[in-house]
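*Asks:* Sharing a model prediction with you, sequence too.
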2 protein chains.
Amino acid sequence: MNIKKLATYLQLSVATISKAMRDSHEISEETKKKVWAAAREFNYTPNPYASSLRRKKSKTIAIILPEVADNFFSLAINGIQAIAEQKGYHVLIYLTHESYEIEAALLEECSSGRIDGLLISISSNTRTADHIKKLQDEKVPIVFFDRDFELLNAPRVITNDFECGVQSARLLMGKGCARLKFLSISESLPICTKRAEGFLQAINEASGKEAPADLVYYCHTDPQVSLAQIEEVLMQNPRPDGIVASVERIGIQVYLACRKLGLSIPSDVKLVAFSTVETASILNPSLTTITQPAFEIGKTAAETLFMLIAGKDYGYSKKPIVIPSVLIERDSTG
Amino acid sequence: MNIKKLATYLQLSVATISKAMRDSHEISEETKKKVWAAAREFNYTPNPYASSLRRKKSKTIAIILPEVADNFFSLAINGIQAIAEQKGYHVLIYLTHESYEIEAALLEECSSGRIDGLLISISSNTRTADHIKKLQDEKVPIVFFDRDFELLNAPRVITNDFECGVQSARLLMGKGCARLKFLSISESLPICTKRAEGFLQAINEASGKEAPADLVYYCHTDPQVSLAQIEEVLMQNPRPDGIVASVERIGIQVYLACRKLGLSIPSDVKLVAFSTVETASILNPSLTTITQPAFEIGKTAAETLFMLIAGKDYGYSKKPIVIPSVLIERDSTG
DNA sequence: ATGAAAGCGCTAACAC
DNA sequence: GTGTTAGCGCTTTCAT
């Protein structure tokens, strides 16, 4: 079934059908009723691609992110989806698996009018923004969420990473830790660098001198490798007695490494993790987290994107939108 | 930039450009090279919607599922995505939040050629398949994964739910549990009913008589409500001493309820959960799981879908494709 | 309030 | 190996 057949059947023009389907005020209520009834009867819905071609908008947005199997991203997707559905938009999802090459290829896929807007959280191995800039030059609205790229002139919705880094170090020092370590996953991701900077600054302030750079340790993207690396860190002599995990995955791996090495949390090592993991409170021991407002970040990023799509330049392009995280103390720092 | 402008610029016809872009053998290597170079120079990619309209296929599939914030579904999405990317397909994602009404509305969205195929895991409140049948009548290939609908003639990729139900009960009985309870989330979802049936059959076999129906308890979709329900179950007199959680969320809630009520796992209550939760081994106590092959299920479902899309009726429509789960004993049944 | 017609950008059948 | 052209299904002026 298509518009032409429906028009013939109803003895109306295709123009009338088209307008009626979109509930145009140009069409009489009576005619609309007739059209809608016939549409239902024959199961007619306008072909979305013909419509997209003609109107030059697709009612579709894309999300590009590193992973789905991470509670932060799952919750963010929920937030995005909630807004998209409300606006009647469709959501394409793409995963980079932390690869810059995949990310660049995916951005290509998004060009030529496939999408009306893009929400992106960049991979930990992304160091240049050319691929993103290219899409932006095609006038595709782009909003960053969580993992942003600071040099690009685009809205970004993030959390208060620096402050949380400060808090993480202060908490551990307050618990008597003397040998802190920050386990990062990237030298370039703002979420990591800022958390690490805050962490280092708090230590500097406390000690009154410059903290050695090796307080920040960079873990590999491959989980197998990073687990081995964490074990190494925990076997250093002297052993670190306070760990900050920059992301969820690393936090969990610290547990696994401690178990393997026979170390006890928190008596041997205290741990605080940037994480939204839902099982934090029932872990052994329960995990002290800096919990990001994942759903809110996704939701706000989507709302911002739709403002851009609607043509409202919301005036924030330079300033990030910051939604704060909350520190929840549990037994891993007890 | 579009095909026409590129044709004018290169002094070629649009047909030649079109064929060259698709690497047709009709076009000389020399011409192709020229076209590709110009395409890169002007950042030209064929408009996907014009192409879809003309070819009547969208190179897009959809996934409809209840949630993303659940490790099973996250991993399944990974598996699906891996295959889709390999095939050069785009993936639309839709969430039902366990609502039949939303699910029905989303299936409507998928009609009129928007997608070339659908992967679906139905909501726990879906009891009729009319909405799915309707899309099937439009000749859209559909494959179920995990949560299927048995009466529909469509391929489905599932795990060995009945057997695992048997195993769960046997394990608990073997540990000396005398008062078992199966916490379900739906009276209609095959994953739940079959797990429960296996559970009941094992008990019947062991006792030699018909187990009372109230060994299966149905939890509400709303997490707030289900948590309260689980607390109630755990305060029954006599208290159940062995719990089977039918899905991940319920398993976690049993921990929370026990904590609140001051009950100890496994000494007061033993617990086995159908779950792929990554933190199972570091929970307090570590969780005995029946771990579904989530990634594999997603991957296989996607592969099956692409066979259908390719027109190969793979001959399995009546028989489900079963990928077995594995029972991993940990301390919660210790 | 309704209709005629142009055309969105592309592909494929058919010429040459 | 390359070109011409019809038309995918729809929306949108512009008439009437």
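*Replies:* It's in.
*Asks:* how many other residues sit next to the residue in the stretch 51-200 of chain A that DNA strand C sits nearest to?
*Replies:* Proximity of the stretch 51-200 of chain A to DNA strand C (Cβ to the nearest atom of the strand) peaks at residue A:54, 3.6 Å away. C-betas here are computed from N, CA, C, even on glycine. Residue A:54 has 11 neighbours, counted by other Cβ atoms under 10 Å in any protein chain shown.
*Asks:* Could you list which residues are in contact with it?
*Replies:* By Cβ atoms under 8 Å, 6 or more residues apart in numbering or on different chains, the contact set of residue A:54 is empty.
*Asks:* cool, and residue A:198?
*Replies:* When contacts are counted by Cβ under 8 Å, 6+ apart, residue A:198 touches A:161-169.
*Asks:* buried set for the host helix or strand of it?
*Replies:* Using DSSP states H and E, residue A:198 falls within helix A:190-207. Going by neighbour count (16 or more other Cβ atoms under 10 Å in any protein chain shown), the buried part of helix A:190-207 is A:190-200, A:202-203.
*Asks:* What values do phi and psi take at the residue of the stretch 51-200 of chain A closest to DNA strand C?
*Replies:* phi -70, psi -40 (degrees, to the nearest 10).
*Asks:* Likewise for residue A:251?
*Replies:* Note on residue A:251: backbone dihedrals following degrees, to the nearest 10 are phi -60, psi -50.
*Asks:* That one contacts residue A:290, correct?
*Replies:* No. With contact defined as Cβ atoms under 8 Å, residue A:251 and residue A:290 do not form a contacting pair (10.0 Å).
*Asks:* shared neighbours of the two, anything?
*Replies:* Shared contacts of residue A:251 and residue A:290, defined by Cβ under 8 Å, 6+ apart, comprise A:273-275.
*Asks:* Can I get these in TSV including neighbour count?
*Replies:* Below are the shared contacts of residue A:251 and residue A:290 laid out as TSV (neighbours: other Cβ atoms under 10 Å in any protein chain shown):
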residue	neighbour count
A:273	29
A:274	25
A:275	26
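*Asks:* Just those residues: which are in helices?
*Replies:* Applying DSSP state H to these, no entry is found in helices.
*Asks:* Narrow the residues you listed to those in strands?
*Replies:* A:273-274 (DSSP state E).
*Asks:* For DNA strand C, state which of the shared contacts of residue A:251 and residue A:290 is nearest.
*Replies:* Looking across the shared contacts of residue A:251 and residue A:290 and measuring by Cβ to the nearest atom of the strand, the closest to DNA strand C is residue A:274, at 43.6 Å.
*Asks:* Distance check, the closest one against residue A:72.
*Replies:* 9 Å (Cβ to Cβ, to the nearest Å).
*Asks:* tell me which parts of the stretch 51-200 of chain A are close to DNA strand D?
*Replies:* A:51, A:53-55 (Cβ under 7 Å from any atom of the strand).
*Asks:* Contact partners for whatever residue of chain A ends up closest to chain B?
*Replies:* Nearest to chain B, among the residues of chain A, is residue A:284, at 3.3 Å (Cβ to the nearest Cβ). When contacts are counted by Cβ under 8 Å, 6+ apart, residue A:284 is found next to B:282-286.
*Asks:* Could you verify that residue A:61 is part of a strand?
*Replies:* Yes. Assessed by DSSP: H, G, I helix; E, B strand; the rest coil, residue A:61 belongs to a strand.
*Asks:* Around chain B, which positions in the stretch 51-200 of chain A sit nearby?
*Replies:* Within reach of chain B by Cβ under 8 Å from any Cβ of the partner chain, the stretch 51-200 of chain A has these residues: A:52-53, A:58, A:60, A:67-71, A:74-75, A:77-78, A:81, A:85, A:90-95, A:108-109, A:111-114, A:134, A:138.
*Asks:* mind running it again at 6 Å?
*Replies:* Counting by Cβ under 6 Å from any Cβ of the partner chain, the residues of the stretch 51-200 of chain A close to chain B are A:52-53, A:68-69, A:74-75, A:77, A:81, A:90-93, A:95, A:111-114.
*Asks:* Please, where are all the strands along chain A?
*Replies:* A:60-65, A:90-95, A:117-120, A:142-145, A:156-158, A:180-184, A:216-218, A:242-245, A:270-274, A:288-291, A:321-322, A:326-328.
*Asks:* which neighbours does the fifth one have in its sheet, and in what orientation?
*Replies:* Right, strand A:156-158. strand A:142-145 (parallel), strand A:321-322 (parallel) (DSSP bridges).
*Asks:* Leaving out chain neighbours, which residue sits closest to residue A:318?
*Replies:* residue A:153 (7.4 Å; Cβ to Cβ, 6 or more residues apart in numbering or on different chains).
*Asks:* Look up how far DNA strand D lies from that neighbour.
*Replies:* For residue A:153, the distance to DNA strand D equals 30 Å [Cβ to the nearest atom of the strand, to the nearest Å].
*Asks:* same question, residue A:112
*Replies:* According to Cβ to the nearest atom of the strand, residue A:112 stands 16 Å off from DNA strand D.
*Asks:* With residue A:117 instead?
*Replies:* Here the distance between residue A:117 and DNA strand D works out to 18 Å (Cβ to the nearest atom of the strand).
*Asks:* Then residue A:5?
*Replies:* 8 Å.
*Asks:* Quick one, grab the pLDDT at that residue.
*Replies:* We have a pLDDT of 94 for residue A:5.
*Asks:* Same check on residue A:209?
*Replies:* 89.
*Asks:* Over to residue A:238?
*Replies:* For residue A:238, the model assigns a pLDDT of 93.
*Asks:* Need the strands paired with strand A:156-158 in TSV (columns: distance to residue B:118 and mean neighbour count).
*Replies:* Shown next, in TSV, are the strands paired with strand A:156-158 (distance: least, Cβ to Cβ, whole Å; neighbours: other Cβ atoms under 10 Å in any protein chain shown):
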stretch	distance to residue B:118	mean neighbour count
strand A:142-145	28	27
strand A:321-322	35	17
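*Asks:* Let's have the residues of the stretch 51-200 of chain A next to DNA strand D in a markdown table, adding pLDDT.
*Replies:* A markdown table is the format used below for these (pLDDT from 0 to 100):
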| residue | pLDDT |
| --- | --- |
| A:51 | 97 |
| A:53 | 97 |
| A:54 | 96 |
| A:55 | 96 |
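*Asks:* Okay, and which of those residues map to helices?
*Replies:* Judged by DSSP H, these include A:51, A:53-55 as members of helices.
*Asks:* Stretch A:106-120: which residues count as buried?
*Replies:* Quick answer for stretch A:106-120 (16+ other Cβ under 10 Å): A:106-107, A:109-120.
*Asks:* Who are the contact partners of the nearest residue to residue A:186 once chain neighbours are set aside?
*Replies:* Nearest residue to residue A:186 in three dimensions, chain neighbours excluded: residue A:124, at 4.0 Å (Cβ to Cβ, 6+ apart). Going by Cβ atoms under 6 Å, 6 or more residues apart in numbering or on different chains, residue A:124 touches A:98, A:185-186, A:189.
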